[in-house]
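**Q** this one's sequence-less:
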């Protein structure tokens, strides 16, 4: 089963939901010795503000801090439950082929693929021609 779900991917970033980027940035940068370019991007589609941190190793995945930008932001409820680790984002060469493999292996869509044009000016984000989808990998049943 695991081989059938194999796909070429690179971990692009690890997303953490925070109440305030400005309040949390010093703690994140000092605890993981990360650098920060001080750029904060507003994503109107997700109703969030995001920024990216780079660890000392340039091949490591980026760290994304995600802050709700509105009371009805999709991450607001997550924040109320305690915030913290929110998602892993992988770069894959062919989203449609990956989603087909996931479905064939028993996975499913938690969220349909959508265009991500909101913060295309960020060098760390997908452009308008790219898409995002959330999938779940089936868990093995306990014997």
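**A** The structure has been received and is ready for your questions. None of these values were measured; they are calculated from a predicted model. Residues are numbered from 1 along each chain as shown.
**Q** looking at this structure, which helix or strand is least sure?
**A** Confidence across the helices and strands of the chain bottoms out at strand 131-136, with a mean of 45, counting by mean pLDDT, DSSP states H and E.
**Q** Output the contacting helices and strands for the longest helix along the chain.
**A** With DSSP state H setting the assignment, residue counts place helix 21-32 as the longest helix in the chain. Helix 21-32 is packed against strand 35-36, strand 48-54, strand 62-68, with contacts defined by 3 or more Cβ pairs under 8 Å, 6 or more residues apart in numbering; DSSP states H and E. To be clear about C-beta, it is placed using only N, CA and C from the backbone, and glycine gets the same treatment.
**Q** Beyond the shortest one, next helix or strand please.
**A** Moving toward the C-terminus from strand 35-36, the next helix or strand (DSSP states H and E) is strand 41-43.
**Q** tell me which strands and helices that following strand is in contact with?
**A** Judged by 3+ Cβ pairs under 8 Å, 6+ apart, the packing partners of strand 41-43 are strand 48-54.
**Q** Quickly run through the sheet partners of the strand it packs on, with directions.
**A** For strand 48-54, the pairing partners within the sheet under DSSP bridges are strand 35-36 (antiparallel), strand 41-43 (antiparallel), strand 62-68 (antiparallel).
**Q** what about it, average pLDDT?
**A** Mean pLDDT, computed over strand 48-54, is 96.
**Q** neighbouring contacts of that strand?
**A** With contact meaning Cβ atoms under 8 Å, 6 or more residues apart in numbering, strand 48-54 is reached by 13, 21, 25, 28-29, 32, 34-43, 60, 62-69, 73-75, 119, 122, 124.
**Q** before we move on, back to that, quick check: which of the strands paired with strand 48-54 is buried the most?
**A** With neighbours defined as mean count of other Cβ atoms under 10 Å, the strands paired with strand 48-54 peak in mean count at strand 62-68, which reaches a mean of 22.
**Q** Buried ones in stretch 83-101, by neighbour count?
**A** Of the residues in stretch 83-101, those buried under the neighbour-count criterion (16 or more other Cβ atoms under 10 Å) are 83, 86, 89, 92, 98-99, 101.
**Q** That's all I had, so thanks and see you.
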